[in-house]
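Asker: have a look; sequence and predicted model below, questions after that.
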Amino acid sequence: MTDHDSQLPALSYRRDDEIDLRDIALMLLDGWKWILGSVATAVVLALVFVAIAPQSFRASTSYAPSSEGLRLLNEMPDIDYSAASTQTELELKLGSFGNLRDFIDDHPEWQSIAQSEADEQDVTLDEHLRLHYFDKLTITRPGKDGTGPHQLSLVYPESLQGAALLNDYLAWTERQYAQVLAQRAEHSLETALARNSEEMQAHLEAYRDSVNVEITRLQEQHDVQLAELDDQLQAEKNAERKSRQERIRTLTQAEAIAQRLGITQPTSPPAFGENGQTQVSRGDSGNATNLPLYFMGTQALAAEKEVVEQSLEQEASTPAIREIEKELAQLRHQRQIEALQQRSDDSSFVDAYNQLSQENTLLRANRVTADDIDIIEVVNLAYRPNRPEGPGKALVLALAVILGSMLGVMLVMCVSFGRSLKRYRAQRA
């Protein structure tokens, strides 16, 4: 044993099994090379890690449901969206890879960047987008209390303008979804217009059927009235003819009596030598004084009979016949039926048709476009953070120094323990 070895602390064979702080200090001082080497190695590894490890940044944009953005949309027929339902559907689209793929295809500048990155990594564009874009995209919703805005975040490398990409993606997705809602509203509007048009046509056809029924009823009523008046007219004419025939018979009898009595000229009973008490049959009288007709004389009776006989071949005309003929003339022109038949447009007479037509006019003036729809309100736009995500370079180097020092101390203790163990075994031998 040399003098130098006798001066080293013998931790393993001290009788009292106690470790003196002086011995530890001497041990660490003696193994400074191990400690310095460990620290240097850790620092070098830290520098290599900082140099080769990619730095990533996190950008986030926050948004909340729009308070009045759905008012015009919900005024459309059969449309009733809530802010929560539209925001949920929007977030489903934001979290869809197909939607992200469509966004990249619709923006040549982002597609060019993603395609060049995919070519450098020798992968397809879809694989690159899924690994470095879609998998880095997260949607954060409020807690159980439901307060606070929603967030859309993206973790991206330093070479990518991730904040601009995130803002463009959110705005584009909202615009596309607004167009979808506008198309739904347009479809609902067209459906309502078509439904109203069908109801209008049904009301119009029903009215036309009722008009045809009314025309048929009026025509039948008109025909019945005409037939009744024709019957009355024929009855009046027959009655007038019979009256004339009865007059001829009466005149014939009176003429026969006048011939027997030798009365040729009109006379009176005193002049004829008879008194006024002469009784005659009711059929033989026809003047105002109830004188028998034969007192008119054969000449007058023959003349009257001839005139009456000639009138049998002529059209009878009495006040009753003329009144019936007047009514018939009026019925020949049924103005109400003619007016119904001559209508070119029945829609003006159908209230339900006009009401639906006005409703369709208002619906056509109430169309909604994507510009009229606001689904969300952006609270904070995404921006590039000042520092990358994760520990900084200074922190990495500090941790490397600390860990290197700890590793060096452990190595020194292990080496010292090994030496002490060898000396102990040598002494026992």
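Answerer: Happy to help now that I have it. Residues are numbered from 1 along each chain as shown.
Asker: name the residues of stretch 116-126 that are buried.
Answerer: Neighbour counts using 16 or more other Cβ atoms under 10 Å place 117-118, 125 of stretch 116-126 among the buried residues. Backbone N, C-alpha and C define where each C-beta goes, glycine included.
Asker: next, give phi and psi for L152.
Answerer: phi -120, psi 120 (degrees, to the nearest 10).
Asker: next, the nearest residue to it once chain neighbours are set aside: secondary structure please.
Answerer: Excluding its sequence neighbours, the residue lying closest to L152 (Cβ to Cβ, 6 or more residues apart in numbering) is T61, at 5.3 Å. Of the three states, T61 takes strand under DSSP: H, G, I helix; E, B strand; the rest coil.
Asker: helix or strand for T138, which one?
Answerer: Using DSSP states H and E, T138 sits in strand 137-140.
Asker: now that strand: buried residues?
Answerer: Counting neighbours by 16+ other Cβ under 10 Å, strand 137-140 gives L137 as buried.
Asker: ok now do E327, which residues does it touch?
Answerer: L229 (Cβ atoms under 8 Å, 6 or more residues apart in numbering).
Asker: confirm it sits in a helix?
Answerer: Yes - according to three-state DSSP, E327 belongs to a helix.
Asker: pretty sure R367 contacts E186?
Answerer: Yes - using Cβ atoms under 8 Å, R367 is in contact with E186, at 7.1 Å.
Asker: and the residue nearest to L152, how close does it get to P142?
Answerer: 15 Å (Cβ to Cβ, to the nearest Å).
Asker: okay, those two: which has more neighbours?
Answerer: Each of T61 and P142 has its neighbours counted (other Cβ atoms under 10 Å); T61 has more, 22 against 12.
Asker: make sure that one is actually in contact with Y169.
Answerer: No - in this structure T61 lies outside contact range of Y169 using Cβ under 8 Å: 9.2 Å.
Asker: so what's in contact with the two at the same time?
Answerer: By Cβ under 8 Å, 6+ apart, T61 and Y169 have these common neighbours: L152.
Asker: show the average pLDDT along the host helix or strand of D231.
Answerer: In the assignment (DSSP H and E), D231 maps to helix 162-261. On average, the pLDDT along helix 162-261 is 88.
Asker: try stretch 352-366
Answerer: Mean predicted confidence for stretch 352-366 is 86.
Asker: mind listing what's buried in it?
Answerer: 353, 356, 359-360, 363.
Asker: keeping just the C-alphas, turn the strand holding T138 into CSV.
Answerer: Extracted C-alpha coordinates of strand 137-140, given in CSV (Å, rounded to 0.1, in the frame of the first residue of the first chain):
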residue,chain,number,x,y,z
LEU,A,137,-55.8,19.3,-35.3
THR,A,138,-57.8,19.4,-32.1
ILE,A,139,-61.2,20.9,-31.1
THR,A,140,-61.7,21.9,-27.5
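Asker: mind listing the strands that strand pairs with, and their directions?
Answerer: Strand pairing for strand 137-140, determined by DSSP bridges: strand 150-157 (antiparallel).
Asker: tell me the gap between the strand it pairs with and the middle of its chain.
Answerer: In terms of Cα atoms, centre = their mean, to the nearest Å, the centre of strand 150-157 is set 35 Å apart from its chain centre.
Asker: residues in contact with the residue nearest the centre of the chain?
Answerer: Central residue of the chain (Cα atoms, centre = their mean): S188, 2.5 Å from the mean position. The contact partners of S188, by Cβ under 8 Å, 6+ apart, come to 76-79.
Asker: what about K305, distance to A239?
Answerer: For K305 relative to A239 (Cβ to Cβ), the value is 20 Å.
Asker: when those two are compared, which one has more neighbours?
Answerer: Ranked by neighbour count (other Cβ under 10 Å), K305 and A239 place K305 first, with 18 against 14.
Asker: OK, contacts around that one?
Answerer: 248, 251-252, 255.
Asker: okay, those residues in TSV with neighbour count next?
Answerer: As requested, these are arranged in TSV below (neighbours: other Cβ atoms under 10 Å):
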residue	neighbour count
I248	18
L251	24
T252	14
E255	22
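Asker: looking at the contacts of S188, which are in helices?
Answerer: Among the contacts of S188, DSSP state H puts none in helices.
Asker: could you report the neighbour count for Q87?
Answerer: A total of 19 residues lie near Q87 under the criterion other Cβ under 10 Å.
Asker: ah, wrong one, I meant S159
Answerer: 10.
Asker: can you pull the domain assignment for this protein?
Answerer: 1-55+394-429, 196-363 (automatic domain parsing).
Asker: can you put the ones you listed in JSON lines and add distance to L70?
Answerer: As requested, the domains of the chain are exported to JSON lines (distance: least, Cβ to Cβ, whole Å):
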{"stretch": "domain 1-55+394-429", "distance to L70": "42"}
{"stretch": "domain 196-363", "distance to L70": "18"}
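Asker: element containing Q314?
Answerer: Per DSSP H and E, there is no helix or strand for Q314.
Asker: what's the distance between it and L45?
Answerer: Taken as Cβ to Cβ, the span from Q314 to L45 is 144 Å.
Asker: ok, these two, which is more surrounded?
Answerer: L45 (14 against 8).
Asker: the helix or strand harbouring the more buried one - what's its average pLDDT?
Answerer: Using DSSP H and E, L45 maps to helix 32-52. Across helix 32-52, the average pLDDT comes to 74.
Asker: and the gap between the residue nearest to the centre of the chain and I402?
Answerer: 67 Å.
Asker: check the gap between A182 and G98 for me.
Answerer: For A182, the distance to G98 - Cβ to Cβ - is 21 Å.
Asker: who has more neighbours, these two?
Answerer: Shown here are A182 and G98; by other Cβ under 10 Å, A182 has more neighbours (19 against 8).
Asker: out of everything not next to it in sequence, what's closest to that one?
Answerer: A370 (4.6 Å).
Asker: what residues does that neighbour make contact with?
Answerer: By Cβ under 8 Å, 6+ apart, the neighbours of A370 are 175, 178-179, 181-182.
Asker: possible to save those as CSV with distance to V409?
Answerer: As requested, the contacts of A370 are exported to CSV (distance: Cβ to Cβ, whole Å):
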residue, distance to V409
R175, 62
A178, 65
Q179, 67
L181, 67
A182, 71
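Asker: nearest to E89 among these?
Answerer: Nearest to E89 out of the contacts of A370 is L181 (Cβ to Cβ; 9.0 Å).
Asker: what about the closest one, how many residues nearby?
Answerer: L181: 22 neighbours (other Cβ under 10 Å).
Asker: same thing with the one 5 residues further on?
Answerer: Using other Cβ under 10 Å, E186 has 14 neighbouring residues.
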